[in-house]
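# Okay, predicted coordinates and the sequence, questions at the end:
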Amino acid sequence: MAEPATELQFDSAAALAAEEHEVAIVGRSPWYLAWRRLRRNYVALGSLGVFIAIVIACALAPIYARHIAHTGPNETHASESVEVNGKERPIIAGGSVYNPKTNTFKIRKVTILGPQWWHAGGRYALGADNLGRDEAVRLLYGGMNSLMIGIGSALICTFVAVGLALLAGYHGGATDWFVSRAFDLIWAFPVLLLAIALGSALSINGFHHFGISISPGSLWIPTIVISIILIPYVGRPIRGQVLSLRQKEFIEAAEGQGAGSFRVMFFDLLPNVISTVLVFFTLIIATNILTEAGLSYLGAGVRLPNPSWGNLIASGQEQLVSAPWLVLVPGLALVVTVLSLNIFGDGLRDALDPRSKTKVER
Amino acid sequence: MFVFIARRLLGMFAVLIAVSFLVFVIFILIPGGDPAERMAGKNPTPENVVNIREKWGFDKPFYVQYVRMMQKAATGILPGSHGQYDVLRSFQNQTNVAEQIKRGLPVTFSLAIGAATIWLFFGIVVGVIAAVKAGQWSDRLITTLALVGISLPVFWLGIVVRYFLTEKPAHPLFPDGGYYPFTKDPVQWAYHLVLPWFVLAVLFIGFYGRVLRSNMLDVMNEDYVRTARAKGLEPKLVMTRHVLRNSLIPIVTLFGLDFAAVLGGAAILTETVFELHGVGWYAAQSVGDLDLPPIMGVTLYGAFFIVFFSALVDIVYAFLDPRIRPA
Amino acid sequence: MTSRRRWSWLLGTVALVAGISLMVAAYGVAANRTKAAPKHPQAFGTLKTVLDTIDYLDPQQAYTGQSWWAMWNVWETLVTYQHVDGAAGYKLVPGLAQSLPTVSANGKVYRFKLRKGLKYSNGKPVKASDFKYAIKREYLSQGQGVGFYTDIAGALNFSKTLKGDIPGIQTNNAKRTIVIKLTKARGDFLTILALLFAAPVPAGTPNTDQSTHPIPATGPYRISGYTPNVGFTMVRNPYFKPTKYIPRGNPNKVEVSLIGDANAATQRVSSGQADYSNGAIPPDRIADAKSKGILKLRVTANTYYFWMNMTVPPFNKLKVRQAVNYALNRKTMQTLVWGGLGAGTQNVLPTTYPSYRKLSLYPHNTNKAKQLIQQAGANGAKVTVWTRNVSDAVTAAQYYQSVLNSIGLDASLNILPRTTYYTTIGNVKTKAQTGWARWLEDYPHPLDWFDVLLNGNRITDENNNNYAWYSNKTTNKEIESLKKSPRLTPAVNARWAKVEKQIMQQAPWAPWSNRVFPEYFNKKMGCIHMQRLYGVDFLRLCKK
């Protein structure tokens, strides 16, 4: 207890708090508050955990391939067999048989080795694919490719979109007109068609112009194409936000103080839109992973034999009757990854928005 | 007002030109095989290749070829039969591109309109229920389902649904893909489209439901809603007259653009998986073959829809709210 | 006799005579009817078929097996093939010509005479000059078969100028004669004339693709309508008269749907909506399809192979090429790529040729392959495998790439669009090292293989078909010499076999399969006959 004051003195909030809690209360930034809200959202955190676990698992693909499965993602072992619980089982068996003497064929089904889980000593845990490759290894490497493209393209997209939105929103006038028209153009552009065409066409020789050299089959091609698709989607709302912020007094104040345009954009405008940007970023990763899957399914994303969850589904489609897991497993991997991102993105948005959406005053 | 509309339409036209020119330049720059060689086939004489090049104008500079291609595209829309060199023709088999697109129109339109009706309806229902029951378990359930919906890869869902519901069972509930013309048999037409409609709609239902829910919750926290309730207005009336009406405006914008996209052939994956030979399917085939005339045709077609609907939405907005005049 | 008796006798006689004549007449009519009935007992209404794709329905343009399947019964050629099963189907017989031509001693002049009274499906007569018109039209419309006819005197010049005449073809409409002069003798000239490119068409047919405006027909059927990517219909040609070699067809009408998706096509037949599908059934579903319909396997003359460009490293070394041949497990490849529906091969020619002698120069031996790569110093050599974006080609190429990696090369894969594949690898600038290819015979003669694919003298910089860029003085010379021999006698066949062995010892290719194609029929179909060259003979199909 404080000693009785001889003068009328008001204790500071910190002192009062110190009396009560024995610790000083500091004014919290909105970031900290958001973090606290997020911390309490177990579902969102759990989803983030799932996503990070998937990323780590895929990043460990080379280790899994070397030490557990003992094969690379593109190596076919079609004529070989594997030891399961002591017995030798062929990886690809069956198939129609030709009798050269009678010149006839006996029609038989082809049997592909199914998921062995741990029974084959780590090999073919999720079975084999139509060429006798280890599906689990391909799943992990495919995840690595899909995630790299998804996250990479999301980074580029967000970076470019935010940059353009800041420029357009701040400068207005002609800059705004050009950027808005650029957004219109990209939005009207058949980017999926373009992605397919570029993917196919650049695979012949790669891209060797203007000092940039990209080899055919490089992951940069789908990454860059996919990142272009959603630039207007992120750019337009941010531009709207910047436009409304532009009118506020603190911007006037900063300009009045003599801040240059770059400083105003970067240090005054950007921090105010960053929460929206973060939420968009998470959602764009999810969308881009799905887009990349669609492109790879059509043969225009990651090029065979390199795996991607999308082209694993395409390859597995031919075996849908005899080996349905080849289609189901990569699809589930996609769904779980994207869902975890979406759930986390929702939680992030709820945390960053002070007006929590689930609480309605009744 | 008219000046505004005129400017918008002019902008639309400009975007079409820009898009087509960009597509053309990209195809000229990237190596895709000499079209003359492709047309000449397996066993040509060198003279044959030269003749083809001359006849079809492949030896002209690229801007001349571009203008010529645009002329051909425009001519193709006109009815009646056309000469060999007057309209866009595939490099592969010289079929008339405009005809092929026209043939795909009923399929794409059927798919788009059916799916759009379903997703709009269910999207609104889902959004309203989730907003009204916000915070309760039914809201959580619906929101989670919506999230799952937008996390599904549409082509994978299509493959799985198609296989397990139409091919595997001994007595399938649904027909295995393909399109049945409406004029031939409306019942079969709908029956063949039910699965594609739902697969395409799933993604959008989730998305629209969440957007509507979010908007409604925003609006429900607004002061004027609180005032309305304080006035003693029935909660249902508050919902419909104030909350829903205002929350639906952004939905209308989104719907306009999404619907335009699907009409324009954006449902490539759904059409491919379900063997619906619409414009999207035709686009996927020609792009896979690097066949420039159909690609150009489909690009112009799709871009037209998006740009047109975008301008339409803007005009309607400007008409409704004089304060809103886009840049 | 009394008059009454006379009258009744007369009446009776008349009645008897009338009765007998009536009976005779009735019997005659009945006999005629039963005689008329067996004339065409197997005729039936509509044959519904599904084809995966066609390119054109214009004889001077079409160059796919599927188009020819329909068209060889729509536009007849001077000489044609028999509608019989087995090897006899390769024998050339008169089509529009009265008989096989007389060939001059030096093999450079062919004389034909057209049959009398030939008419197109529009009733107009078929003239001898229409044959020349067709050949000229082939050049004027930039058809895909121009390369076959350049040995006709004046044709090469005509192909350059596109003006004037082809003096090497002389026709006389009154006498119905056609005389063709060649610049040099060609052993396969008759088979080239049997190609649809040389089918006579009415003079005045425009020089652009007429697939959607069907050209009048000379065969048992005519095209009555064509919607690209959707389908076409064939109906009977009313002016066609069956000959000894060309029968009337059984179906009155043939409706063809074009469905690219193999599953959908197969389903159509299983469910009864179609009678026949030529589509490649995915190996996964073949056993199922077999139980729901009639599955026949068609042996055609085809070879699937990997070519190796001998002008670029590492395939300029013989040991590397041999290593590749040793490394492939051809048996496994049949299972992987077509579920077993193919026979492994190390030959250039498929087994249907009389000159075929089975080669087993490279029994599967991975270790030997690795050794050879080592000896050639090609370990770690970068190789790009090319293939086209078709399911079986992609599967085969992925396997091939994996095998190359396993023997010590550093291989990557490049998948090209289906439509630009051949022109890209056939262009010398691409410098493609190795890749997938297949050849389906155009006509049954070894020249269609060795001259087109492996004759060093015919290598071109663009649209090259000799993807291995293989040129060997000895075999080149032998191929040129064999070109002149008009007939495939046992002696000639022995020489062909020797050439083949010499070529495979140089290993420009790694052949791996002779594919077998499923032909799928509805359970109601009968009289299923396979013509060696053109496949299922729809003329002779019937309903059970």
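Yep, it's here.
# Just give the closest residue to residue 65, not the sequence neighbours.
In the absence of a named chain, this looks at chain A. residue A:137 (4.8 Å; CB to CB, 6 or more residues apart in numbering or on different chains). Heads up, the C-betas are built off the backbone N, CA and C, glycines and all.
# wait, I meant chain C there
In space, residue C:65 is closest to residue C:440, 6.1 Å off (CB to CB, 6+ apart).
# buried stuff in the strand or helix carrying residue C:324?
Using DSSP states H and E, residue C:324 falls within helix C:318-327. Within helix C:318-327, the residues scored as buried using 16 or more other CB atoms under 10 Å in any protein chain shown are C:319-327.
# In PDB, could you pull the C-alpha coordinates for it?
This file holds the C-alpha atoms of helix C:318-327, laid out as PDB (Å, rounded to 0.1, in the frame of the first residue of the first chain):
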ATOM      1  CA  LEU C 318      27.300 -47.400 -81.900                       C
ATOM      2  CA  LYS C 319      27.900 -48.800 -78.400                       C
ATOM      3  CA  VAL C 320      25.500 -46.400 -76.900                       C
ATOM      4  CA  ARG C 321      22.800 -47.300 -79.300                       C
ATOM      5  CA  GLN C 322      23.400 -51.000 -78.700                       C
ATOM      6  CA  ALA C 323      23.300 -50.400 -75.000                       C
ATOM      7  CA  VAL C 324      19.900 -48.900 -75.300                       C
ATOM      8  CA  ASN C 325      18.600 -51.900 -77.200                       C
ATOM      9  CA  TYR C 326      20.000 -54.200 -74.500                       C
ATOM     10  CA  ALA C 327      18.600 -52.200 -71.700                       C
END
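# C-terminal to that helix, what's the next element?
Assigned by DSSP H and E, the successor of helix C:318-327 is helix C:330-338.
# and chain A, which of its residues are near chain C?
A:74-76, A:78-79, A:92, A:94-98, A:100, A:103-105, A:107-110, A:130-132, A:200, A:203-204, A:216-217, A:299, A:303-305, A:318-322 (CB under 8 Å from any CB of the partner chain).
# Of the residues you listed, just the buried ones, ChimeraX syntax please.
Only the buried entries of the residues of chain A next to chain C go into this ChimeraX selection, using 16+ other CB under 10 Å:
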select /A:74,75,76,78,79,92,94,95,96,98,105,107,108,109,110,130,131,132,200,203,204,216,217,299,303,304,305,318,319,320,321,322
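# from the residues of chain A next to chain C, which ones fall inside strands?
Within the residues of chain A next to chain C, membership in strands is found for A:92, A:94, A:97-98, A:104-105, A:110, as judged by DSSP state E.
# of all the residues you listed, which two lie farthest apart?
A:92 and A:104 (22.5 Å; CB to CB).
# excluding its backbone neighbours, what's nearest the residue nearest to the spatial centre of chain B?
With distances taken as CA atoms, centre = their mean, the residue of chain B nearest its centroid is residue B:262 (1.9 Å). Excluding its sequence neighbours, the residue lying closest to residue B:262 (CB to CB, 6+ apart) is residue B:112, at 4.2 Å.
# where does residue A:10 land in three-state SS?
Under DSSP: H, G, I helix; E, B strand; the rest coil, residue A:10 falls in the coil class.
# okay, now it: neighbour count?
Using other CB atoms under 10 Å in any protein chain shown, residue A:10 is surrounded by 8 other residues.
# what do you get for residue B:112?
Residue B:112, neighbours per other CB under 10 Å, totals 26.
# And the helix or strand containing it, how far out from the chain middle?
Element membership of residue B:112 [criterion: DSSP H and E] is helix B:97-132. The chain centre lies 9 Å from the centre of helix B:97-132; the measure is CA atoms, centre = their mean, to the nearest Å.
# between the helix or strand following that helix and helix B:97-132, how many degrees?
Next helix or strand after helix B:97-132 toward the C-terminus (DSSP H and E): helix B:137-151. Interaxial angle, helix B:137-151 versus helix B:97-132 (axes from the mean of the first three to the mean of the last three CA atoms, to 10 degrees): 160 degrees.
# Give me the helix or strand of chain C that scores worst on average pLDDT.
helix C:3-36 (a mean of 61; mean pLDDT, DSSP states H and E).
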